[in-house]
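Chemist: quick one: sequence plus predicted model below, questions after.
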Amino acid sequence: MRVVECVPNISEGRRPEVYEAIARAAARVPGVALLDVDPGAETNRTVITFVGEPEAVLEGAYQLIVAALERIDMTTHRGAHARLGAVDVVPFVPVSGVTMDDCVVLARRLGERVGRAPVSGQIGVPVYLYEKAASTAERRNLADIRAGEYEGLAQKLADPAWQPDFGPAEFRPRAGAIVVGARNFLVAYNVNLNTVDKRLATRIAGEIREKGKKRLDAEGKPMIDAAGNELWEPGLLEGIKAVGWTIPEFGCAQISINVTDLRATPLHVVFDTCEERARAHGLRVTGSELVGLVPRDVLLAAGRHYLTRMGRSTGVPEAALVHVAVRTLGLSEVKPFDARQRVIEYRLQPPAPLVAMSLQAFADELSSDSPAPGGGSVAALAGALAAGLAAMVANLSHAKSGHEAKRPALERIAVRGQELKASLLAAVDADTKAFDRYLDALRLPKSSETEKATRAAAMFEATIGTIEVPMITLEAAPEIVELCLEVGEIGMKASISDAGSGAEMARAAASGAYQNVCINLPGLDDPDARAAILARADSAWRRTKELSARAERTFVDGPRVAAG
């Protein structure tokens, strides 16, 4: 699936009827999924996030701009955030199946269209391109384009060096100008301080941001070099832009940060560095705030970081990692933080009705007269439970005295167990969906040659799905048995039966998945494809049986002899 994210920032955060109507203009475009509308009263700014196929997102961005220019009058706008126009910035961000170059094309197409005629009957609005879509190196940095802000825009447009990339080089008082671009995922992040003094927040912002701060002489005046250029002290963190401000509605000053390179500087490093610099200035960080949506890996990395700092295993469920991150970063201090709504992958993931059921409801549905869920879903669930048992024994042992030397291995087992558990839980619903797609293909008409060809192609794809999903379970099973054997050997002896139960569950999962693969294989017309898949299945099933025989000797025969 080709997915692009668009994150327009509009200069209105105080009138819900306005910013919600503007967001709805994008959401009404078929194929656009509106993910988040995040207003700020003091900044008088709203960050809107939506995703979809490239063409749908492009149209959604245009319709949002049209709606914003109809409703926002910049001649009366006031707010704490830097801004250039009614629609201040419109970045396109590649999510999946698209490249940065694709997003650059989208940015330029939008800029050209808006510059020509954003609203029926109106002449165009000045448009600047930034980041990866920038026309010159001098225009890559959004802060450079915004310099002088809306109040200085008329003078900027009169400067030949700052002619817009699209649209007229004329000041439009009501609209201002729009900055459109393509960039990597950016996290807008504010760190809260136990002060309302903007100067202190600004001081820390200058210390952490990549650009750094101006060097001052003994009299507090900026230092300059021989050429007359101001000298700067490099900041502490790569890929960080930051300013300080005070938000009266929150009762605190904030270090307002854009994290532009999460690989260079993860979010938890930003938070920890702000804490260290705050202490150096006699302050305390009281929490933080995420603006808009955040990638899941950002919170998972933070959760692992803080668990490691506590001396705890990181091989815990994903929800636990997120909880640790949210609590440690204080993300709910100034407003509630709901990860289900604020993590982009959670908003995009398809529903999983079977996994979301209670055990009672799943068993009831399983025992009804519907053909799905069936053996494939049950096999996947059995595999997930087996992986969960391996992780459980590893985590229990990790915390026990006497296992210090084994903790790296125990943590590795726990982490891998959680990964396999998550994959197989996803396969519980995927197996049923694959069967449903097969039934849908089976029902396709076959009256004409065209219909027969369409049906045959759909049947082939659907049959592959009914085979590949249980293959996920089957090929995971040998590794799960190995994890159970390893943790049974190095983990606490009181939990050896749990490791043994995990090994037995993994064998049952493999058996059920193997049967599902074999019963669906005859539906493939391609004999070479059937032979290749069967060879894979035979290999995984054979390996599972070999390891299971070893597990039975370890977990069943050994304890039985000891008990006798």
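Modeler: Thanks, I have it.
Chemist: alpha carbons only for contacts and neighbour counts from here, please
Modeler: Fine.
Chemist: hang on, Lys213 packs against Gly206?
Modeler: Yes. In this structure, Lys213 is within contact of Gly206 by CA atoms under 8 Å, at 4.8 Å.
Chemist: who touches both of these two?
Modeler: Counting by CA atoms under 8 Å, 6 or more residues apart in numbering, the residues touching both Lys213 and Gly206 are Gly235.
Chemist: so, low pLDDT: which residues of the stretch 101-250 of the chain?
Modeler: Residue ranges of the stretch 101-250 of the chain with pLDDT under 70: 118-123.
Chemist: let me redo that: the chain
Modeler: In the chain, residues with pLDDT under 70: 118-123, 558-564.
Chemist: break it into its domains for me.
Modeler: 3-182, 187-348, 359-563 (automatic domain parsing).
Chemist: turn these into CSV, including mean neighbour count.
Modeler: Formatted as CSV, these follow (neighbours: other CA atoms under 10 Å):
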stretch, mean neighbour count
domain 3-182, 20
domain 187-348, 18
domain 359-563, 20
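Chemist: where do the strands sit along the stretch 51-200 of the chain?
Modeler: 87-96, 127-131, 178-182, 187-193 (DSSP state E, counting those that start in this stretch).
Chemist: tell me the angle the second one makes with strand 87-96.
Modeler: Just to be clear, that refers to strand 127-131. On the basis of axes from the mean of the first three to the mean of the last three CA atoms, to 10 degrees, strand 127-131 is oriented at 40 degrees to strand 87-96.
Chemist: tell me which strands and helices strand 127-131 is in contact with?
Modeler: helix 100-116, helix 142-146, strand 178-182 (3 or more CA pairs under 8 Å, 6 or more residues apart in numbering; DSSP states H and E).
Chemist: can you put these in a markdown table and add distance to Val4?
Modeler: A markdown table is the format used below for these (distance: least, CA to CA, whole Å):
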| stretch | distance to Val4 |
| --- | --- |
| helix 100-116 | 8 |
| helix 142-146 | 20 |
| strand 178-182 | 10 |
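Chemist: tell me which residue is most central in the protein.
Modeler: With distances taken as CA atoms, centre = their mean, Pro295 lies nearest the centre of the chain, 2.3 Å away.
Chemist: what about that one, distance to Ile519?
Modeler: 40 Å (CA to CA, to the nearest Å).
Chemist: kindly report the same for Asp101.
Modeler: 45 Å.
Chemist: same question for Gly85.
Modeler: 62 Å.
Chemist: centre of the chain versus the helix or strand encompassing Ser501, how much separation?
Modeler: Using DSSP states H and E, Ser501 sits in helix 496-520. Taking CA atoms, centre = their mean, to the nearest Å, the mean C-alpha location of helix 496-520 is offset from the chain mean by 32 Å.
Chemist: what do you get for stretch 252-271?
Modeler: 16 Å.
Chemist: kindly report the same for stretch 190-198.
Modeler: Distance, stretch centre to chain centre, for stretch 190-198: 27 Å (CA atoms, centre = their mean).
Chemist: now do the same end-to-end measure for that stretch.
Modeler: 13 Å.
Chemist: list the contacts of it.
Modeler: Contacts for stretch 190-198 (CA under 8 Å, 6+ apart): 201, 244-248, 251-257, 271, 274, 278, 283-291.
Chemist: make it 6 Å
Modeler: 244-246, 252-257, 284-289 (CA atoms under 6 Å, 6 or more residues apart in numbering).
Chemist: tell me which of these fall in strands.
Modeler: Judged by DSSP state E, those include 244-246, 252-257, 285-289 as members of strands.
Chemist: and which of these is nearest Ala80?
Modeler: For the ones in strands among the contacts of stretch 190-198, the minimum distance to Ala80 (CA to CA) is 7.7 Å, reached by Trp245.
Chemist: quick one: residues contacting the closest one.
Modeler: By CA under 6 Å, 6+ apart, Trp245 lies in contact with Lys198, Ala253, Gln254.
Chemist: and if we set it to 10 Å?
Modeler: 43, 80-81, 190, 196-202, 205, 252-256 (CA atoms under 10 Å, 6 or more residues apart in numbering).
Chemist: bridge partners for it, pull those for me.
Modeler: Going by DSSP bridges, Trp245 is paired in beta bridges with Gln254.
Chemist: can you give me the strands for the stretch 201-350 of the chain?
Modeler: Here the stretch 201-350 of the chain has its strands, by DSSP E, counting those that start in this stretch, at 213-214, 232-233, 240-247, 252-259, 285-291.
Chemist: which one of those lies closest to Leu69?
Modeler: Of all these, strand 285-291 comes closest under CA to CA, at 23.1 Å.
Chemist: partner strands of that closest one, with direction?
Modeler: By DSSP bridges, strand 285-291 pairs with strand 187-193 (antiparallel).
Chemist: on that earlier part again, would you quantify the distance from the residue nearest to the centre of the chain to Gln360?
Modeler: Counting by CA to CA - Pro295 and Gln360 are separated by 33 Å.
Chemist: regarding the nearest residue to Glu249 once chain neighbours are set aside, what is its secondary structure?
Modeler: Distance criterion CA to CA, 6 or more residues apart in numbering; nearest residue to Glu249, sequence neighbours excluded, is Glu42 at 7.1 Å. Following DSSP: H, G, I helix; E, B strand; the rest coil, we place Glu42 in the coil state.
Chemist: pretty sure Glu42 sits against His77.
Modeler: No. The pair Glu42 / His77 is not scored as a contact, 11.7 Å apart, by CA atoms under 10 Å.
Chemist: show me what the biggest helix by length in the chain is packed up against.
Modeler: What stands out as the longest helix in the chain, according to DSSP state H, is helix 449-490. If you count contacts as 3 or more CA pairs under 10 Å, 6 or more residues apart in numbering; DSSP states H and E, helix 449-490 packs onto helix 375-398, helix 407-442, helix 496-520, helix 527-552.
Chemist: contact partners for Asp36?
Modeler: Neighbours of Asp36 in contact, by CA under 10 Å, 6+ apart: 7, 23, 46-50, 291-293, 341-342, 344, 347.
Chemist: and for Pro164?
Modeler: Pro164 sits next to 111, 115, 125-129, 156-157, 170, 177-179 when contact means CA under 10 Å, 6+ apart.
Chemist: go on, Gly239?
Modeler: Gly239 touches 186, 209-211, 258-266, counting by CA under 10 Å, 6+ apart.
Chemist: okay if I get those as TSV plus distance to Thr454?
Modeler: Below are the contacts of Gly239 laid out as TSV (distance: CA to CA, whole Å):
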residue	distance to Thr454
Leu186	43
Arg209	57
Glu210	56
Lys211	58
Asn258	49
Val259	48
Thr260	46
Asp261	46
Leu262	45
Arg263	45
Ala264	48
Thr265	50
Pro266	48
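Chemist: so which of these is the closest to Gln515?
Modeler: Nearest to Gln515 among the contacts of Gly239 is Arg263, at 43.4 Å by CA to CA.
Chemist: report the angle between the longest helix of the chain and helix 527-552.
Modeler: 20 degrees.
Chemist: and the angle from helix 449-490 to helix 375-398?
Modeler: Going by the same axes, to 10 degrees, helix 449-490 makes 30 degrees with helix 375-398.
Chemist: chain center to helix 449-490, what's the gap?
Modeler: Using CA atoms, centre = their mean, the mean C-alpha position of helix 449-490 is found 26 Å from that of the whole chain.
Chemist: and if you look at stretch 367-375?
Modeler: Relative to the centre of its chain, stretch 367-375 is centred 34 Å away, using CA atoms, centre = their mean.
Chemist: hmm, Leu283 and Cys252 touching each other?
Modeler: No. Taking contacts as CA under 10 Å, Cys252 lies outside contact range of Leu283: 11.9 Å.
Chemist: what touches both of these two?
Modeler: Leu193, Asn194, Thr195, Ala201.
Chemist: I'm done for today, thanks for sticking with me.
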